[in-house]
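Trainee: What would the 3D arrangement of this be:
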Amino acid sequence: MSEKKTTTKEDFETILPLTFLDVETTGLSPQTGDRICEIAVLRIEKSGKVLRWHTLINPLRPISPGAQFVNKITEEMICAAPEFKQVAKKVLKLIEGSSVVCHNACFDLSFLAMELAFCNMELPNLSVIDTLRISRQHFCFPSNSLCNIARSLNIENKLKHRAMADVNTTYKVFRHFWKELNKKGINRLEEVAFRHF
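Mentor: Modelled structure (predicted):
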């Protein structure tokens, strides 16, 4: 588990605070019992302050071979990690009062909602920005996967499919998207965000 605070000035101050979020999981479906095994958050405040936080999570179940092939997270890596219930309040505090940015937001937020439900907690009504949705609606990449978009934009992501690396990539991709959308006259968050209940 790690936490780091720095300060920066971004070029989209008017839409801050933003929280970039990514989860790695034991498989593809929370409905069939898959769980979060890593979570990362990058939060940028209106002041320019940046908070980075991530942790491995003990999912209390095996990681499927398919998921492990993608995220390279092993049983040995998670055996001493905290359970989600130990970080649930921290996660909620980090996303509170901000718009949440994910790539394929429905995937990440469905897992997050399920984990919170196990803790008798609820995912709040969020303003959500999905870079996958933006890519499909406003751009034309050969593939809309995060890795392919990053490659097309010359954004380096050496540790793809690890939560903090993907959060950092999503942040860089969204910054590029926001600049390009501004050129098209899209400069209000409401034009790209949706509500997640």
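Trainee: can you tell me which helix in this protein is longest?
Mentor: Ranked by residue count under DSSP state H, the longest helix found in the chain is helix 163-183.
Trainee: who's in contact with that one?
Mentor: 10-12, 15, 18, 20-24, 38-42, 52, 54, 101-103, 129, 131, 134-135, 138-139, 146-147, 149-150, 153, 155, 157-160, 187, 191-192 (CB atoms under 8 Å, 6 or more residues apart in numbering). From N, CA and C alone the C-beta is placed, and that goes for glycine too.
Trainee: which of those count as buried?
Mentor: 10, 15, 18, 20-24, 38-42, 52, 54, 101-103, 129, 131, 134-135, 139, 146, 149-150, 155, 157, 160, 192 (16 or more other CB atoms under 10 Å).
Trainee: Give me the subset of those residues that lies in strands.
Mentor: Among those, DSSP state E puts 18, 20-24, 38-42, 52, 54, 101-102, 129 in strands.
Trainee: Out of the residues you listed, which comes closest to Ile63?
Mentor: The closest of those to Ile63 turns out to be Glu24 (CB to CB; 9.0 Å).
Trainee: So in terms of bridging, what pairs with the residue nearest to that closest one when sequence neighbours are not counted?
Mentor: With CB to CB, 6 or more residues apart in numbering as the criterion, Glu24 has its nearest non-adjacent residue at 4.0 Å, and that residue is Glu38. On the basis of DSSP bridges, Glu38 is bridged to Glu24, Leu56.
Trainee: Just the pLDDT at Glu38, thanks.
Mentor: Predicted confidence (pLDDT) for Glu38: 98.
Trainee: got it, and the one 5 residues further on?
Mentor: Note for Arg43: predicted pLDDT of 98.
Trainee: For it, give its distance to Val173.
Mentor: Distance check for Arg43 against Val173: by CB to CB, to the nearest Å, it reads 17 Å.
Trainee: tell me the SS of Leu112?
Mentor: For Leu112, the assignment made with DSSP: H, G, I helix; E, B strand; the rest coil gives helix.
Trainee: May I have the residues that are in contact with it?
Mentor: Counting by CB under 8 Å, 6+ apart, Leu112 has contacts 21, 23, 36, 39, 91, 123.
Trainee: Would you format those residues as JSON lines with distance to Val70 included?
Mentor: Converted to JSON lines, these look like this (distance: CB to CB, whole Å):
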{"residue": "Leu21", "distance to Val70": "18"}
{"residue": "Val23", "distance to Val70": "13"}
{"residue": "Ile36", "distance to Val70": "14"}
{"residue": "Ile39", "distance to Val70": "16"}
{"residue": "Val91", "distance to Val70": "22"}
{"residue": "Leu123", "distance to Val70": "24"}
